[in-house]
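S.K.: I'll drop the sequence and a predicted model, then ask my questions.
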Amino acid sequence: MEFEPVIGLEVHAQLKTRTKIFCSCATAFGAPPNTQVCPVCLGLPGVLPVLNRAVVECALGMALAVSCTIARESRFARKNYFYPDLPKGYQISQYELPLAENGRLEVETDAGPRVVRIRRIHMEEDAGKLVHDPRLGRSRVDFNRAGVPLIEIVSEPDLDSAAAAGAYLRALRGLVRWLGICDGNLEEGSFRCDANVSVKPRGSPVLGTRTELKNLNSFRFVERAIEREIERQRELLAEGGAVVQETRLYDPERDRTVPMRGKEEAHDYRYFPDPDLPPLTIDEAWIEAVRQRLPELPEARRRRFVARLGLSAYDAGVLTSERGLADYFEEALARFPQPKTVANWVMGPVLALLNERGVEPQAAPVAPAALAGLLALVERGTISAKTAKEVFAEMAHSGAAAEAIVAAKGLSQISGESELEAIARGVLARHPEEVASFRAGKKKLMGFFVGEVMKATRGRANPKTVNALLARLLNA
């Protein structure tokens, strides 16, 4: 029997607010253990949580960006379980009445664009962090993360491959970063994913028993874990076995999934409305205020780049992969209005520089205005496109302007016909056999002659002028 996979993802995104969801403690990453805590996030007796308005607005922004229906009234609930990193013995989350439901996200996959449905988006608080010390055989608890605000984004089981799941996850991460509500850092745990995986007979409307893969902290591990779990379930069913509903971990060293614990159901957590928090009421005016502050979304920006600027769908997709990169492109374009040329430079040298330095576009060593100045020198014929790359590298190293570098290093392009003709005649005189071969019909040698002239001028000769001169001299 042929089995097809069914995959749904639960993504936790840590919101970029200065303070926690129910208290005024800081949320900064990397502080000394247990220094960003208070009686509220530690769950001490007699304290009351107060909802952070900024958290709600971040969550509303995400809900609007994926076209969710926003509940005019939602409730917080207590999710009860006992673990050393949960100081209150329960987590404040949303259960029966979440903030938003029934959204959608368009995702570019290898098989083309597809829509993944969003089942719900709800707010909740994070737990603390266990720091294990195998050398001493003990674990320590850091409660700095307890109470940090999260949104959980739950997809419908619309994904049918590890690659599609990876594409959806990257698109979701790109969107929360685009909105500025989450930094999307998987290594620091501010963007985390759990995957629900099952397989079913191909074409069957009945879903198989699912397992949950937890603690996946990179896109590569998400995809590998899903692939291995699909293989495991297929092999198990093919041998007449049964899939057990459980939580599993991915072991990258052995490249396989391993059992962690039995999978809990909602009733295991004994959800009930939190008596310390009133229902959250959201009116149309609040929703509209958040909507007005939303930036142009990636999908709309891609369409605009294609329709108005004439860029290819691929170029538009690369440029809108990060909001900072799209902003960089448009700022350079405002100063040098040639979309394809600017796009090529941003996707080429600029993106390579950002990756090499490990910086965001906002901190690019070559600013958009500086790039535009460099491209203007090429357009005016002051320097060649080849020399421009050399100048760009020096701009990134020294921070100097393109014109200053060109002047200091004597890189201006040689365009004078008399000077270039003398150099071209010298090249032809030194290669009589190649000249004879060219005149006998080997026209591909033109590239050789051009290269020799460029070598003689250290790349400063105007290629257009050189080609015209050589054509005249060789055909004389």
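M.R.: Thanks, I have it. Numbers count the residues shown, from 1 in each chain.

S.K.: packing partners of the biggest helix by length in the chain?
M.R.: Across the chain, the helix with the greatest residue count (assigned by DSSP state H) is helix 219-238. Contact here means 3 or more CB pairs under 8 Å, 6 or more residues apart in numbering; DSSP states H and E; on that basis helix 219-238 packs against strand 3-14, helix 162-179, strand 191-201, strand 211-216, strand 246-251, strand 256-262. C-beta: built from backbone N, CA, C; applies to glycine.

S.K.: how is this structure divided into domains?
M.R.: The chain is divided into the following domains under automatic domain parsing: 3-286, 296-409, 417-474.

S.K.: could I get these as TSV with mean neighbour count?
M.R.: Listed next are the domains of the chain as TSV, based on neighbours: other CB atoms under 10 Å:
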stretch	mean neighbour count
domain 3-286	17
domain 296-409	17
domain 417-474	15
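
S.K.: where exactly do the helices run in the stretch 301-450 of the chain?
M.R.: Shown for the stretch 301-450 of the chain, the helices assigned by DSSP state H, counting those that start in this stretch span residues 313-319, 323-335, 339-345, 351-357, 368-380, 385-398, 402-409, 417-430, 432-439, 445-456.

S.K.: just to revisit the earlier point, can I get the domains of the chain in TSV including mean pLDDT?
M.R.: As requested, these are exported to TSV (pLDDT from 0 to 100):
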stretch	mean pLDDT
domain 3-286	94
domain 296-409	94
domain 417-474	86
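
S.K.: ok so, going back, restrict the longest helix of the chain to CA atoms and write it as PDB.
M.R.: C-alpha atoms of helix 219-238 as PDB (Å, rounded to 0.1, in the frame of the first residue of the first chain):
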ATOM      1  CA  PHE A 219      15.300  24.500   9.200                       C
ATOM      2  CA  ARG A 220      17.600  21.600   8.200                       C
ATOM      3  CA  PHE A 221      16.700  19.600  11.400                       C
ATOM      4  CA  VAL A 222      13.000  20.300  10.800                       C
ATOM      5  CA  GLU A 223      13.100  18.900   7.300                       C
ATOM      6  CA  ARG A 224      15.400  15.900   8.200                       C
ATOM      7  CA  ALA A 225      13.300  15.000  11.300                       C
ATOM      8  CA  ILE A 226      10.100  15.000   9.200                       C
ATOM      9  CA  GLU A 227      11.700  13.000   6.500                       C
ATOM     10  CA  ARG A 228      12.900  10.400   9.000                       C
ATOM     11  CA  GLU A 229       9.600  10.200  10.800                       C
ATOM     12  CA  ILE A 230       7.700   9.700   7.500                       C
ATOM     13  CA  GLU A 231      10.000   6.900   6.600                       C
ATOM     14  CA  ARG A 232       9.700   5.300  10.100                       C
ATOM     15  CA  GLN A 233       5.900   5.400  10.000                       C
ATOM     16  CA  ARG A 234       5.700   4.000   6.400                       C
ATOM     17  CA  GLU A 235       8.000   1.100   7.300                       C
ATOM     18  CA  LEU A 236       6.100   0.400  10.500                       C
ATOM     19  CA  LEU A 237       2.800   0.200   8.700                       C
ATOM     20  CA  ALA A 238       4.200  -1.800   5.800                       C
END
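
S.K.: re the thing from before, export the helices and strands packed on helix 219-238 to JSON lines and append columns for distance to residue 400.
M.R.: Shown next, in JSON lines, are those (distance: least, CB to CB, whole Å):
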{"stretch": "strand 3-14", "distance to residue 400": "40"}
{"stretch": "helix 162-179", "distance to residue 400": "31"}
{"stretch": "strand 191-201", "distance to residue 400": "38"}
{"stretch": "strand 211-216", "distance to residue 400": "45"}
{"stretch": "strand 246-251", "distance to residue 400": "48"}
{"stretch": "strand 256-262", "distance to residue 400": "53"}
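
S.K.: out of those, nearest to residue 324?
M.R.: Across the helices and strands packed on helix 219-238, residue 324 has its closest neighbour in helix 162-179 (8.6 Å, CB to CB).

S.K.: can you name every helix or strand that the closest one contacts?
M.R.: strand 3-14, helix 53-65, strand 100-109, strand 191-201, helix 219-238, helix 298-309.

S.K.: so can I have a markdown table of the ones you listed showing distance to residue 434?
M.R.: Shown next, in a markdown table, are the helices and strands packed on helix 162-179 (distance: least, CB to CB, whole Å):
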| stretch | distance to residue 434 |
| --- | --- |
| strand 3-14 | 61 |
| helix 53-65 | 62 |
| strand 100-109 | 49 |
| strand 191-201 | 59 |
| helix 219-238 | 51 |
| helix 298-309 | 44 |
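
S.K.: ok, which of those comes nearest residue 89?
M.R.: strand 3-14 (20.3 Å).

S.K.: how distant is the closest one from the center of its chain?
M.R.: 18 Å (CA atoms, centre = their mean, to the nearest Å).

S.K.: what angle sits between the longest strand that the chain contains and helix 298-309?
M.R.: Longest strand in the chain by number of residues (criterion: DSSP state E): strand 112-125. Per axes from the mean of the first three to the mean of the last three CA atoms, to 10 degrees, the angle that strand 112-125 makes with helix 298-309 is 140 degrees.

S.K.: show me what strand 112-125 is packed against.
M.R.: helix 53-65, strand 90-93, strand 100-109, strand 149-155.

S.K.: pipe the ones you listed into CSV and attach distance to residue 230 per row.
M.R.: Listed next are the helices and strands packed on strand 112-125 as CSV, based on distance: least, CB to CB, whole Å:
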stretch, distance to residue 230
helix 53-65, 29
strand 90-93, 29
strand 100-109, 17
strand 149-155, 17
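
S.K.: between the ones you listed, which gets nearest to residue 176?
M.R.: helix 53-65 (6.7 Å).

S.K.: whichever helix or strand comes after the closest one pairs with which strands, parallel or anti?
M.R.: Next in sequence after helix 53-65, counting helices and strands by DSSP states H and E, comes strand 69-70. The strands that strand 69-70 pairs with in its sheet are strand 100-109 (antiparallel) (by DSSP bridges).

S.K.: picking that back up, do you know which of the helices and strands packed on helix 219-238 lies nearest residue 84?
M.R.: strand 256-262 (15.1 Å).

S.K.: helices or strands up against that closest one?
M.R.: By 3+ CB pairs under 8 Å, 6+ apart, strand 256-262 packs against strand 211-216, helix 219-238, strand 246-251.

S.K.: not counting its own residues, what contacts whichever helix or strand comes after it?
M.R.: Per DSSP H and E, the first helix or strand lying C-terminal to strand 256-262 is strand 272-273. The contact list for strand 272-273 (CB atoms under 8 Å, 6 or more residues apart in numbering) reads 75-78.

S.K.: so how far is strand 272-273 from its chain's centroid?
M.R.: On CA atoms, centre = their mean, the centre of strand 272-273 falls 36 Å from that of its chain.

S.K.: ignoring the adjacent residues along the chain, who's closest to the spatially most central residue of the chain?
M.R.: Central residue of the chain (CA atoms, centre = their mean): residue 174, 3.9 Å from the mean position. Of all residues beyond its chain neighbours, the one nearest residue 174 is residue 321 (6.2 Å), with distances taken as CB to CB, 6 or more residues apart in numbering.

S.K.: residue 226: which of the helices and strands packed on strand 112-125 is closest?
M.R.: strand 149-155 (13.2 Å).

S.K.: next, the angle from that closest one to strand 100-109.
M.R.: Using the same axes, to 10 degrees: strand 149-155 against strand 100-109 is 70 degrees.
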